[in-house]
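Asks: quick one: sequence plus predicted model below, questions after.
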Amino acid sequence: MRIYIQPSRERGIALMMVLIVVTVLTILAGKFAYNMKVETKLARNASFEADYEWAGRSGIERAKWILALSATGPGGQVDSLGAKWAGGSGDTNGALADVQLKGFELGDNVTIDLEIEDHDRKFNINVADEVLLKEALTKVVGVEEGTLAETIAQSILDWIDPDDKPRMSGAETSYDQNLTPPNFCKDGPMDDISELLMIQGVTPAIYQGSGGGHMPTVHQMNRGARQSRFEEVTYAVGLKDLFTTTSSRMVNMNTAPAEVLRIFPGIDENIAQAIITARNGPDQIQGTQDDGIPNLNVVPGMPPGAAAQFSRFLSVRSLVFEVKVDVTAGGMKRRYIGLLRRNSPRDIQILNMYWE
């Protein structure tokens, strides 16, 4: 019998081929397992689709019920951060005393968490004038007084007003067409506050504050800001923290943060803090039953005549609310968002609903 010994080179090639085949099979098996996992997850989510849909709608209806009762109970003429809808304690003897916004069970393995925030804690930018916009930019955001603040304020007004006549420092379509990429001036009310990113002079930092990070959006390319690219100014807050497009024409002084209160001419840091101190009640704890003030006359240290002066900007009611409904079904979560307008306790209108 003759025994042939395979040369070492041929044995090495055979071993490499075996390793390559094993590697390819391992990759294919892993990819197959991943695809099966994705398909299984999709099938599982599909089985809960109806649960998500009806749980989200149920959460919106529950929010409407809470808002209706909040407006009819004791203190219902004042909306404050102590109300049940705002996450406060509410009236401990009222109908909502035992109502919880979190962990409400709808059925087997289906729970919802509610978060309600009023849009009237910010000012509606569609009704702002040049004076108020400049106050917000220079006094609160921190834009230097002068050309940039004036350019932004007038460009916002050119964007909103119905005509195509540019203000002295503003921007209409004739300016916007020279941008890269070109766009048209809207000449109408803003539908979303992110439209500010298309306004001449508004940088991402001015829009959302320097601590908010930069948004990856095409609107960033439409820049007309006159500032150095090597040394960017930092801004404590952004325009989106002060303005909205969906609130009423007035700001609720009982829910607005100090930064929003300060955008109004005549309200400085001291007056804004005095309002917040007064609305927190005797215990000075936000979110408790004694929160809320009925008018500015009860604020200690309020200058004479100031209440009448600020009454055209400030109220004690909130009309528009955003409701976030976090649905948990079968261990999976989904968020449902609704925009509500409370015209009266018995008339709460759903303006918009969508999945996030």
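Replies: Good, I have the coordinates.
Asks: please enumerate the helices of the protein.
Replies: Using DSSP state H, the helices of the chain run over 8-47, 49-72, 130-135, 147-160, 173-176, 204-208, 258-261, 269-279, 306-310.
Asks: worst average pLDDT in those helices?
Replies: Lowest mean pLDDT within those: helix 173-176, a mean of 61.
Asks: now do the contacts for the residue lying closest to residue 328 once chain neighbours are set aside.
Replies: Leaving aside its sequence neighbours, residue 328 sits nearest to residue 111 (C-beta to C-beta, 6 or more residues apart in numbering; 4.9 Å). Glycine gets a C-beta too; all of them are placed from N, C-alpha and C. Taking C-beta atoms under 8 Å, 6 or more residues apart in numbering, we find residue 111 in contact with 103, 104, 105, 327, 328.
Asks: got a winner among those residues for most neighbours?
Replies: residue 327 (25 neighbours; other C-beta atoms under 10 Å).
Asks: follow-up on the earlier one: would you turn the helices of the chain into JSON lines with distance to residue 193?
Replies: Listed next are those as JSON lines, based on distance: least, C-beta to C-beta, whole Å:
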{"stretch": "helix 8-47", "distance to residue 193": "31"}
{"stretch": "helix 49-72", "distance to residue 193": "22"}
{"stretch": "helix 130-135", "distance to residue 193": "14"}
{"stretch": "helix 147-160", "distance to residue 193": "11"}
{"stretch": "helix 173-176", "distance to residue 193": "19"}
{"stretch": "helix 204-208", "distance to residue 193": "9"}
{"stretch": "helix 258-261", "distance to residue 193": "13"}
{"stretch": "helix 269-279", "distance to residue 193": "22"}
{"stretch": "helix 306-310", "distance to residue 193": "24"}
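Asks: closest one to residue 337 among the ones you listed?
Replies: Nearest to residue 337 among the helices of the chain is helix 49-72; the distance by C-beta to C-beta comes to 8.7 Å.
Asks: what is that closest one packed up against?
Replies: Packing partners of helix 49-72 (3 or more C-beta pairs under 8 Å, 6 or more residues apart in numbering; DSSP states H and E): strand 104-107, strand 110-118, strand 320-329, strand 332-344, strand 347-355.
Asks: quick check: mean pLDDT of the shortest one?
Replies: Read that as strand 104-107. Strand 104-107 carries an average pLDDT of 86.
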